[in-house]
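Trainee: The amino acid sequence is not available; the structure is as follows:
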């Protein structure tokens, strides 16, 4: 495919890069968003807290496995490319939305205590599972994807424990 064809289809390199990341996040070009994917539905419907958390950690791992290197490029490019910076922010917002749905469904299904603070859970989990956090973890600790997934599952489990004050 020629460069002219690419620019006619996507307009800019930034738009093409966003499309590459979007496809990498979900794993294919089917018109199904992240929340509609089988691997994410398991995180929303498993019968126990432990199973949902394990499925959510596995989904996060799967996304990072396909996109980690792309996110590293996007993080650097966002500093100088306003369009990519905007896409990077959209990604943060989409991550937060996915966690809002995750925790809300857990509460609706009676899997969280009656005093669960869904806003705090959403905010905290969104930061923990953010692309920036994944990049920091891998750069700081050298963890592989198995360690990352175990850490997420353990951390999300601890978020559901009764908080101390």
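Mentor: Cool, the structure landed. Since the model is a prediction, treat every value here as computed from it, not as a measurement.
Trainee: Check the chain for its longest helix and report it.
Mentor: When the chain is parsed with DSSP state H, its longest helix is helix 49-78.
Trainee: Could you list the buried residues of that helix?
Mentor: For helix 49-78, burial by neighbour count (16 or more other C-beta atoms under 10 Å) applies to 52-64, 66-68, 71, 74-75, 77-78. The C-beta positions use only the backbone N, C-alpha and C, and glycine is treated the same way.
Trainee: Give the other helices and strands that whatever helix or strand residue 101 lives in contacts.
Mentor: According to DSSP states H and E, residue 101 maps onto helix 82-108. Applying 3 or more C-beta pairs under 8 Å, 6 or more residues apart in numbering; DSSP states H and E, we find helix 82-108 packed against helix 13-26, helix 38-45, helix 49-78, helix 118-128, helix 131-141.
Trainee: among those helices, which is nearest residue 93?
Mentor: helix 118-128 (9.2 Å; C-beta to C-beta).
Trainee: Give me the spatial nearest neighbour of residue 27, chain neighbours excluded.
Mentor: Nearest non-adjacent residue to residue 27, counting by C-beta to C-beta, 6 or more residues apart in numbering: residue 66, 6.3 Å away.
Trainee: right, and the one you found touches residue 21 too?
Mentor: No: if you go by C-beta atoms under 8 Å, residue 66 and residue 21 don't touch, sitting 9.3 Å apart.
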